[in-house]
Each structure stands twice: as structure tokens, then as C-alpha cells.
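Visitor: Below are the sequence and a predicted model for it; my questions follow.
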Amino acid sequence: MSVEFKKVSDFSRGILFELLTDAYSFDRRYEQSCTSDWQDFDNFFFDHLEIADKYGLITTLNDEAIGFVSWDPRNMPEYAEIGHNCITSKHKGKGYGNMQLQEAVNRILQHDVRKIILFTNDDLIPAQRMYERVGFVKDQKRENHNVANIAGERIDYVYFVK
């Protein structure tokens, strides 16, 4: 099995939306709350492929897109913020998310950033475990205002560069 990290521009518009929809299909509340944002994100990246290719990647397994990760560089070198990070449902739990996140961290670290931040919801336990395995630490918990209809807290994570 061959895992590769490819440029967003190697794919067609809609792939990011499709990957997000599949990755969060375990709980329809995400799709109900986030569909518009996911579509806007996909459109932004495909309208600005130079940004997409520099600050995102698509993970493939035997040339099939199975996930992607993106990050926001606007606050570098102080910090970069990882945004979307997902793996399709049938490929979860097989280590691909760890590989994808580590690849993103490695690419971000090439830019002399001081730290990397991200957040997740407290109901996404597998994501929390993955972030911690890659070296992120919990920074704080706070009320979730980002995803409507999803109760619980938002957990902020930070990866400190040594």
C-alpha cells in the first residue's frame, strides 16, 4: 500500500468538501452545521490554488484521496494554526491520520514557527488521541461556539517547537 501526500491542485474542485463530508458522516450534526463552511473552504482553496498547494495537502492511498490537512500561515512565525484535518471513514483507525498530521507539522516547522495550534471538540476522542501522539498538548478547554448543535467543549491544543 502506497501512501503519498499530494498537492490540492492535483484534484478537482469538490474533493475537500467530499472528504470532510465523509470524515464527519458518523454524526450528521456536523454536516448540518458545517456544510456551508466546508463548501466555502473548498471553493476558496480551488479559487486560490497557490495558497492551497502551499498550506495544505491531500493524503492518498494507492492514488485514492483518503484525507487532507490544511493550515493558516498568517500569524507565522509566532504560530501556525491547523484548520481542517480529516481522514475518510473507511480509513480511520489505521494510522493515516497520524501520518498526515505529522507531515503537516514537518512542513510547518520548515518555516521557523514558534508553535502550532489547533482545536477540536471534546466529543472527538480519537482526534484528541492522535494530536497527543504527534506531540500536541492540551492548552485549554472552553465553550464550543464554532459548531452549532454540537454540545460540549472546544479543546485547544498547542505544539511547542523546541
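Guide: Sure, I can see it. Bear in mind the structure is a predicted one, so any value in this text is a computation, not a measurement. Residues are numbered from 1 along each chain as shown.

Visitor: contacts and neighbour counts: CA atoms only from here.
Guide: Noted.

Visitor: Which residues does the least confident helix or strand in the chain by mean pLDDT contact?
Guide: Least confident helix or strand, the chain: strand 137-143 with a mean of 89, by mean pLDDT, DSSP states H and E. Identification of contacts with strand 137-143 by CA atoms under 8 Å, 6 or more residues apart in numbering yields 131, 152-159.

Visitor: biggest separation within the residues you listed, which pair?
Guide: Largest separation among the contacts of strand 137-143 by CA to CA: Gly152 and Tyr159, giving 22.9 Å.

Visitor: about what we covered before: among the contacts of strand 137-143, find me the one that's closest to Ile117.
Guide: Distances from Ile117 to the contacts of strand 137-143, taken by CA to CA, are shortest for Val158, at 4.5 Å.

Visitor: Just give me the neighbour total for the closest one.
Guide: As a burial measure, Val158 scores 21 neighbours (other CA atoms under 10 Å).

Visitor: for Gly14, same thing?
Guide: 15.

Visitor: Check Gly152 too.
Guide: That count, for Gly152 with other CA under 10 Å as the rule, works out to 15.

Visitor: Mind giving me the PyMOL select for the contacts of strand 137-143, buried ones only?
Guide: What follows is the PyMOL syntax for the buried subset of the contacts of strand 137-143, where burial is set by 16 or more other CA atoms under 10 Å:
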select buried, resi 131+153+154+155+156+157+158+159
